[in-house]
Each structure stands twice: as structure tokens, then as C-alpha cells.
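A.B. asks: sequence and predicted model, in that order:
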Amino acid sequence: MAKGASDPGGQDAAAVDPLAALVGPLVDALTAALAGPDRAAVARLLDTDGGDGWDVAIPLHRVAAAAHRSAPELAIELANTLPAIPGVVRRFAVGAYVNFEADPAWLAERTLAMIAVRGDRYGTWEGSPATVCVEHTSANPNAPFHIGRVRNALIGDTLARVLRAAGSPVTTQYYVDDIGRQSAMVTWIWSKPKESWPPEILETLQGADEREERADHYLGRPYPAVSAYVKTHPEAAAELASLSERLERGDASPEHRRYCEAILQGMLASLARVGVSFDEFVWESSLLHDGSVERVVERLRKAPHAVVEENGALAIDTSVYGLPTEEARAIVLRGNGTTVYPTRDVAYHLQKFARFARVVDVLGQDHLLHAKTLKALLTEIGETREPEFVLYQYITLPGEGRMSTRKGTVVLLDSLLDEATDRARAEVRSRNPELGEGAVEEIAVALAAGAVRYHILRVAAEKSVAFRWEDALSFEGRSGPFLQYSFARATSLLRKASEEGVSLPPKADGSLLTTPAERALVRVLARLPRTVANAARTTHVHSIAGYGHDLADAFNSFYQLTPVLKAEGGERESRLALVAASRTALGNTLALLGLARLDRM
RNA sequence: GGGCGCGUCGCACAGCACGGACCAGUGCCCCGGAUUCCUAAUCCGGUUGACGUGGGUUCAAAUCCCACCGCGCCCGCCA
């Protein structure tokens, strides 16, 4: 319903966005004719969703009211007096609206030509050189990924892809917390000889084989039990506290780093299975060792709202920032002189600000207070810049609520992927009996990853998701494999065409692409650049997933209803060009979502 | 108690930024069809039905405002 006409602007949009070629001149003509609202206001008013017999519409209630005129009259007048607009074959008034119908041939030719020229760059924009840092995932190195934790990684990774497509140079960072209590628990238990482990912790190793399990799985086993144990055993808690303190002071044994490193590598292997990787890793300890945390502490001591607590702890009075803490203060330095996480995070952000024009953090919604505290602390030390936060809600388990590694109520990413791969393997085999094992495996793995990735990405970040196996494992309908299947179909059709010696025309004849299915497909194809621009601006990566489904859907309808290779002459060539354009757009969308492009499946 | 977020067909989601019409879309489920033809993980058609409640603003509200209800998360010298 309306909108979508916003101008991503700043460049010659018509060179990268087929709809801009249609909408741009339309906006110009309307702005001139209305002689009231400016260009941007007119563009905002436009509805580019398309409907029954129209592609672009403008409601005139508001402009008419401002001009003290009747909207229907103005609509009729406008429809009659507007000059000819390139690409628009028909305009007509309906009530308070003027509807414009694009010339389908014109739109098809422009869109297909642009896709052919832009290739894998279709959908991307030439942006500014302003660099962006997207920090995401940053999970403590203490246990394997469960699918709740992985939502962060998928949103962050996809956001990075989308921002790059929108024209920003993006660097992704994973902040590795090797200082805190969580990772200290790992070293605390594993640095003890197993004979001395409390039985309830040792029990977690039952049936485990160090040689067969990846480090994150194996070394992460005792974590929930350790977490519970230290709550009820003060002497253990004291040991842990002392270890934490030593870690912060930098004189802990080197084995701690080895444990963190090993678990992290395991976790990254998990993420690699769903196509997530990082440009850079920032170890929290490095900020302590290079003195940047200390410099932050010095600045915080001089902060306008700094207060020293009775035991020597340093706090910031946050009452002016309206933070919803009971005591309206944020501790930044403990009584024992060590720092807390927010303090170190300030140092990390200063480092990011020094290198990047834009700083984006992907955070679970339980970190909201921390995000606000971080902003307050940055303000306190006189920093004027602030990070942008992309918050997401949790994936919950029916009856269990939010997943918790500590509580052991999790569905592991690896388990989900394993199950998905098993199902995909069986499916691929039965459909492609002639395929070798290697090829089957490769396709199954790609489909499993696609299903899981898409399933999590399709929901808006701010919605919580109730996890259900059967939904996560679906390969039909609104799913990753549906998109991948469409791409494979298009690829296979093009392959066949080339085998039969049918080649792509230098230029498609748009006047031959006029069936409803063809027109609908062209329209969806033309939408990709705007969809990318909107997703980047709003950080709503789920809209790309929605677009992908629309595109696959339109392509499949066309595919089913329209013979291509069996058509003749120019019709065959033009349809083939439409298939090629669809394959390109589908492939680009798949890349945006981080799904593998399969030539067959 | 305070803060933030969410509430749309039986289920799961989109639409809300910047309020617009013409049936509020989609997937799953259910029913009926399509394969001598480019991959049926698909397509075509059908049934059902929903904007949490109550107010307000407006020519126009799923969309904006207020209140309430329900659910989730947070309110550590944890991270």
C-alpha cells in the first residue's frame, strides 16, 4: 500500500535502477504540474507498488486540500494535461488518484538491458566512500553456537552484504571476550586435573571423545555445570574471581588464550557452514594490553558525573541519562581496581570511531541497557559520535522460552544443520539418481545451509521467533531452497538452450513479453535495486528475504506457464533473455542473503 | 515498580519508516486440478478468515497519539 518511491538518490539512479528511469521523469512532470510540493515530497507521495492496470499512482487528497481544490477534479485535470512521459503509455484518474501505466515493452527492454549490462552488480549502488564497521556475533568463546546466538551472526552478516551492495565499504568485526567471567570458567575447569573435578561437572564429559568432537563442543561441555556450580560453591566462585582478575591484569597462563582460540575456531567452523565469516577479530585483552582501557578509565575519572564509591569503585551517575537502573549509576571500575565490560567496550568503540565513519553494532535486545550505558559513557568522556544499534529479539523454544547455554536449553546450530543435511541428501538422491556422492553431498550441504539461513533471516529482527523443527527444515514455499531451486531451474534452462544452439539475443524485444506472467516478472526484476537501497537504509534485512521469495515466485509462475525453448523465433529469444535476467537477479539476491547458488539440485 | 520490544486468518510471517483507493498480502494446513513438454523442492484454482482492547487525531488509521490488557527481555562491582 503506497510508498517505496523514496529516492535513494545521490547519483544517477537511472543508470542502476530501472524504476528510477520510469519514476524520475514522472516525479519531474508532477512536480512541475502541481506547483506546490517539492520533488522529494512528490516522490514520497508516489505509490510504486502497482495494481490493477497501473504501475505508479499518486493520491491527491493532500495536494488538493492545500490548493483548496477537489481531489477528483484535480486528478482528472492532471490526467488530461500532463505532458507525455517516456515509458508511460496511459494515465487515468480514479477518484482522488491518478494512475500511470508503464509501457510494458519499454520497461521490459530497459530492465533486461540493465541487468545484462550490470550482471552481478545489478541491484548494487555506487555509494560514498564512508566506511562502515559492522560488529556482530561477538559470542563468548565458551560453547558451541545454538540457533539463538546464530541469529545475531546471520543478521549481521547479511546486513554487511546489504550495506556493501548499497555502496558502502564494510568491515565486519567479531569482538572476542577473552577477559570476562564466561570464558574464565572454561579455563578454570580445564586447567584442573580431571580427578579433582566435582562429580556433577565431570559427568558432563560422559560419552564424549575429545578426538571426535570439535573444540567448541568438547571444551564447552562443562560450561553449564560450572556456571551452576560456582553459584553454590563460594570457594569456587572465589577462585574464578581471582582468575578473572589475573586475566584482566594480563598475567594469566597462556593456556587461557589457547582454550579461547580453540573454542573460537570451532565456533567459526560452525558459522562457516552457514556462510558467515569475519574480516577482523578484536580480542578484548588487546585493549587492556595496549593501554587503551586505562586511558578510558582516566577520562572517566574526570567525567562530569564521576563518583567514587565507598570501597573505591568508580561509578558514573547516569541519572541525567534516564537509564532504567535502580541506583541510577554505572560502575566502571570495581573496588579492586579492575574494569567492567562497559568500560572496556568504550575503549573498543573509540578504536572503531578512529577508523570508521559509521559504527553499527548488532545486539540482542537484552543488551539494550548496555547500549544505552555505552552511549552515556561515551558522552561522559566527551565523545560526540555514537554507534548505531541493530537490536533483535530472541529465538525461543516452545515451553522453554529463550535459549540458554547456561541452562542447557538449546538447539545447536550443528544439530540443526546435520538434520537438514540428512533430509536434503535423501531428497537430492531420489531426484538425481545419476549424481555421484560428492555432488549429492555438495548440494545437500548447500540446501541445508540455505534452509536454515533463510528461515532465520525471513523474520524481522524485532520479532521473537518460536523455533519449530519442522518449519526450520522446510524446503518448500517460503524457504531458502525454493529460491535456490528457482535459480537452478533458470540455470538449467539456459544450459539447455546453449546445448540446442539457441543463443541470447543482443537485445530483447519487449513487445513480445506481454503475458501477465512476463509482465509481473519484469516488474519484480525491476524492483531489486530499490529493495536493496531500502533494506540498507532501514537495516531491515528480512525485506531481502521477502523480495527473494517474490522473485522466485514470479519466475516459477512464468516458467510454468510460458514455453521458452519450445517457443519460436523472437519470442523464444526474448523469453530466453528474460530467463537470463531472472537468473542474474535471483543469483544476486541469493548472494545478498548468503545462500549458495546451485546450478542443479 | 521503571525501561524497551512485540500483539495481523487455525499456525507462521509481510505490510507500519513517510497514514491513502481498487479484494490487508505471503507460506503452511485443507480441498480440487496440472507431468508424452525447458527440474512437480513447481504451478493453477478454491475454502476459511485476522489488524489485542478502548479512546483520540484525520477527508482517510494495521500504520500516528493516549490508556489499558497479554507476552518477552532488561533494571549486577556478569558479559
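C.D. replies: Yep, it's here.

A.B. asks: next one: A:Val452 from A:Glu573, what distance?
C.D. replies: Here A:Val452 is placed at a distance of 39 Å from A:Glu573 (Cβ to Cβ, to the nearest Å). Glycine gets a C-beta too; all of them are placed from N, C-alpha and C.

A.B. asks: for burial, what's the neighbour tally of A:Leu271?
C.D. replies: By other Cβ atoms under 10 Å, the residues close to A:Leu271 number 21.

A.B. asks: any weak-confidence spans in chain A?
C.D. replies: A:1-11, A:252 (pLDDT under 70).

A.B. asks: how does it divide into domains?
C.D. replies: Chain A resolves into domains spanning A:13-102, A:132-402, A:413-593 when parsed by automatic domain parsing.

A.B. asks: any chance of the ones you listed in a markdown table with distance to RNA strand B as columns?
C.D. replies: Shown next, in a markdown table, are those (distance: least, Cβ to the nearest atom of the strand, whole Å):
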| stretch | distance to RNA strand B |
| --- | --- |
| domain A:13-102 | 3 |
| domain A:132-402 | 3 |
| domain A:413-593 | 2 |
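
A.B. asks: from what I can see A:Ala303 touches A:Ile381, true?
C.D. replies: Yes - contact status for A:Ala303 versus A:Ile381: in contact at 6.0 Å, counting by Cβ atoms under 8 Å.

A.B. asks: now do the buried residues in stretch A:202-213.
C.D. replies: A:Thr204 (16 or more other Cβ atoms under 10 Å).

A.B. asks: any chance you could list what contacts that stretch?
C.D. replies: Residues from elsewhere that reach stretch A:202-213, judged by Cβ atoms under 8 Å, 6 or more residues apart in numbering: A:Lys194, A:Tyr218, A:Arg221, A:Pro222, A:Pro224, A:Ala225.

A.B. asks: Serialize the domains of chain A to TSV and add fields for distance to A:Arg121.
C.D. replies: Listed next are these as TSV, based on distance: least, Cβ to Cβ, whole Å:
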stretch	distance to A:Arg121
domain A:13-102	8
domain A:132-402	9
domain A:413-593	8
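
A.B. asks: so which of the contacts of stretch A:202-213 is the most crowded?
C.D. replies: Counting by other Cβ under 10 Å, top hit in the contacts of stretch A:202-213: A:Pro222 with 26 neighbours.

A.B. asks: phi, psi of that residue?
C.D. replies: phi -70, psi -10 (degrees, to the nearest 10).

A.B. asks: and whichever strand or helix holds A:Ala32, what other elements does it pack with?
C.D. replies: Per DSSP states H and E, A:Ala32 falls inside helix A:18-34. The contact analysis (3 or more Cβ pairs under 8 Å, 6 or more residues apart in numbering; DSSP states H and E) places helix A:18-34 against helix A:39-45, strand A:56-59, helix A:71-81, helix A:104-118, helix A:516-538.

A.B. asks: determine the set of other helices and strands touching the second one.
C.D. replies: Applying 3+ Cβ pairs under 8 Å, 6+ apart, we find strand A:56-59 packed against helix A:18-34, helix A:39-45, strand A:97-102.
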